[in-house]
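>>> Sequence unavailable; structure follows:
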């Protein structure tokens with residue numbers, strides 16, 4: 001199954017549902033409003049569109065509809081990263097990593113996690 005590419009606004013909704021699990025439009029809207037003002041009807045319409053695109057499941061067995069993410073978080077992240085990597089770094093993961101590490105304050109803990117990942121990728125050397 002091909003994973004639909006979410007817009008930025010759709011991705012924000014998916015992130016709420018991935019983090020908190022299936023929920024109401026009101027809950028999702030409240031979470032979105034913590035970052036920026038978003039109208040309830042805007043959130044409702046977006047979630048209805050996302051349901052039509054098969055990005056969200058909807059349980060309408062009760063008066064209050066419950067929406068859940070119908071697409072996998074990791075698969076969606078991988079697809080978006082692959083596209084970004086191809087478009088911005090001509091497919092070079094090393095260029096992406098060098099840019100990311102060079103432009104931010106990477107903590108000692110994050111560097112250790114990166115070292116562990118590199119060791120795993122190299123076969124545990």
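The structure has been received and is ready for your questions. Since the model is a prediction, treat every value here as computed from it, not as a measurement. Residues are numbered from 1 along each chain as shown.

>>> ok, and the closest non-adjacent residue to residue 26?
Spatially, and ignoring its direct neighbours in sequence, residue 26 is nearest to residue 40 (7.0 Å; Cβ to Cβ, 6 or more residues apart in numbering). C-betas here are computed from N, CA, C, even on glycine.

>>> And the strands in this structure, which stretches?
Assigned strands in the chain, in chain order: 56-59, 66-69 (criterion: DSSP state E).

>>> Which residues are in contact with the residue nearest to residue 26?
By Cβ atoms under 8 Å, 6 or more residues apart in numbering, the residues touching residue 40 are 25-26, 29.

>>> just the strands of the chain: most buried one?
When those are scored by mean count of other Cβ atoms under 10 Å, the highest mean neighbour count falls to strand 66-69 (a mean of 18).

>>> Counting by contacts, list what that strand packs against.
Counting contacts by 3 or more Cβ pairs under 8 Å, 6 or more residues apart in numbering; DSSP states H and E, strand 66-69 is packed against helix 8-20, helix 40-52, strand 56-59.

>>> same thing but at 7 Å, please
Using 3 or more Cβ pairs under 7 Å, 6 or more residues apart in numbering; DSSP states H and E, the elements in contact with strand 66-69 are helix 8-20, strand 56-59.

>>> quick one: the first one to helix 40-52, angle?
For the pair helix 8-20 and helix 40-52, the angle between their directions (axes from the mean of the first three to the mean of the last three Cα atoms, to 10 degrees) equals 80 degrees.

>>> Which residues does helix 8-20 contact?
Outside helix 8-20, the residues that touch it by Cβ atoms under 7 Å, 6 or more residues apart in numbering are 6, 23, 28, 31-32, 46-47, 50, 55, 67-69, 73.

>>> ok so, going back, now the contacts of residue 40 in TSV, please, with extra columns for pLDDT, distance to residue 109 and neighbour count.
What follows is the contacts of residue 40, written out as TSV (pLDDT from 0 to 100; distance: Cβ to Cβ, whole Å; neighbours: other Cβ atoms under 10 Å):
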residue	pLDDT	distance to residue 109	neighbour count
25	97	37	21
26	97	37	12
29	98	34	20
